[in-house]
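Novice: Have a look at this prediction, sequence included:
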Amino acid sequence: MSLSETNLATPIEAKVASTIISANHIVKRYESKDKTTLALDDVNIEVLENEFVCIVGTSGCGKSTLLRMLAGLDFPTEGNIVIKDRKVTGPGPDRGMVFQTYTLFPWMTVAENIAYGLREKGTPKEEREKIIDKYLELMRLKGFRDAYPKELSGGMKQRVAIARALATNPELLLMDEPFGALDPITKSEMQQLIRSIWQKERPTIAFVTHDIEEAVFLASKIYVMSARPGRVREVIPVYLPYDRKQSLKETEEFVALRMKLQKMLEEN
């Protein structure tokens, strides 16, 4: 049976859903002594509640800069970013961030790293322990509760980082090429894990990647960025099965969408 004969996922934007965060007419310029570099030019991004949005583009197109601005870690030269009805003026607990590099506290155990944001929020200890247990189970880390980051593999470190970001129940999870440094097998495992978590928990995710196959496998909607200066070239809804396994990558529909995106980026 082909995918066209199965029940395909309906992108979240086709349903009634509220906007979690939007970037409106974003321009980003970098000024130096002798020149001005235009990194982003009139970029508009919208992430709806429960969407899994991927932002795809070649190296240097400004996609990570855009994600940092959504996180409040950088600011546009022109335009504004709004989370629900609030203008983004800096980082906040309403947004969780996962970076490509492993940003765990080396002096803390796995459980302590997961609980960091919860302690900052003043979450009672009993509730913290329940949340820690939940994410140790979800991330397949039950046997590593008291381990330190130096005792973990790269993939395990990223699982802890994702658990820490999700534990505080942010309105939006921002992920900046979080699997880029992993070997191919671990990368595929992490893609399957984050997609499975999204299918079960339904967090709202904005995910930056230059890996086209990764974007097609994960996303419910893809923003395709042009080369510098970065602009949104096209917004593509992903009509693929909701429940996704690695075998999906071998189907005609998956390959056709991957090739379409590849052609777009090669034409930049």
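Specialist: That came in fine, so what should we check first?
Novice: Low-confidence stretches in this structure?
Specialist: For the chain, applying pLDDT under 70 flags the ranges 1-16.
Novice: residue nearest the centroid of it?
Specialist: With distances taken as CA atoms, centre = their mean, residue 207 lies nearest the centre of the chain, 2.5 Å away.
Novice: What sits closest to that residue if chain neighbours are left out?
Specialist: residue 175 (4.5 Å; CB to CB, 6 or more residues apart in numbering). (Each C-beta comes from the backbone N, C-alpha and C, glycine too.)
Novice: isn't that neighbour right up against residue 100?
Specialist: No - at 9.1 Å, residue 175 does not count as touching residue 100 under the criterion of CB atoms under 8 Å.
Novice: Those two: which is more packed in?
Specialist: residue 175 (25 against 17; other CB atoms under 10 Å).
Novice: Phi and psi next, for that one.
Specialist: phi -130, psi 120 (degrees, to the nearest 10).
Novice: just checking, residue 245 touches residue 192?
Specialist: Yes - using CB under 8 Å, residue 245 is in contact with residue 192, at 7.3 Å.
Novice: which residues of the protein fall in helices?
Specialist: Remark: helices assigned in the chain by DSSP state H are 63-71, 110-121, 125-138, 154-167, 184-201, 212-218, 252-266.
Novice: What residues are bridge-paired with the residue nearest to residue 207?
Specialist: residue 98, residue 207 (DSSP bridges).
Novice: rewinding a little: pick out whichever of residue 245 and residue 192 has more residues nearby.
Specialist: Legend: neighbour count by other CB under 10 Å for residue 245 and residue 192, higher for residue 192 (15 against 11).
Novice: Report the separation between that one and residue 198.
Specialist: Counting by CB to CB, to the nearest Å, the gap from residue 192 to residue 198 is 11 Å.
Novice: do the same with residue 165
Specialist: Taken as CB to CB, the span from residue 165 to residue 198 is 13 Å.
Novice: Over to residue 136?
Specialist: For residue 136, the distance to residue 198 - CB to CB - is 19 Å.
Novice: so who does the residue nearest to residue 198 when sequence neighbours are not counted touch?
Specialist: Nearest residue to residue 198 in three dimensions, chain neighbours excluded: residue 52, at 5.3 Å (CB to CB, 6+ apart). By CB atoms under 8 Å, 6 or more residues apart in numbering, residue 52 lies in contact with 195, 198, 205, 207, 218, 219, 220, 221.
Novice: and of those, the nearest to residue 21?
Specialist: residue 205 (11.2 Å; CB to CB).
Novice: shouldn't that closest one be in contact with residue 55?
Specialist: No - applying CB under 8 Å as the test, residue 205 and residue 55 come out as separate, 10.9 Å apart.
Novice: who's more crowded, these two?
Specialist: residue 55 (29 against 25).
Novice: Just list the residues touching that one, thanks.
Specialist: So residue 55 contacts 45, 63, 66, 67, 206, 207, 208, 209, 222, 223, 225 (CB under 8 Å, 6+ apart).
Novice: what's the burial count for the last one?
Specialist: Residue 225 sits with 27 neighbouring residues when counted by other CB under 10 Å.
Novice: The one 3 residues further on now?
Specialist: Residues contacting residue 228 under the criterion other CB under 10 Å number 18.
Novice: Name the nearest residue to it, sequence neighbours excluded.
Specialist: residue 60 is the one closest to residue 228 (CB to CB, 6+ apart), at 5.3 Å.
Novice: Does that neighbour touch residue 225 like I think?
Specialist: No - the pair residue 60 and residue 225 does not pass the contact test of CB under 8 Å, sitting 10.2 Å apart.
Novice: And the nearest residue to residue 123 once chain neighbours are set aside, how far from residue 34?
Specialist: Excluding the flanking residues, the one nearest residue 123 by CB to CB, 6+ apart is residue 131, at 7.4 Å. Distance, residue 131 to residue 34, using CB to CB: 51 Å.
Novice: Those two - which one has more neighbours?
Specialist: Each of residue 131 and residue 34 has its neighbours counted (other CB under 10 Å); residue 131 has more, 19 against 5.
Novice: pretty sure that one contacts residue 167?
Specialist: Yes - if you go by CB under 8 Å, residue 131 and residue 167 touch, sitting 5.3 Å apart.
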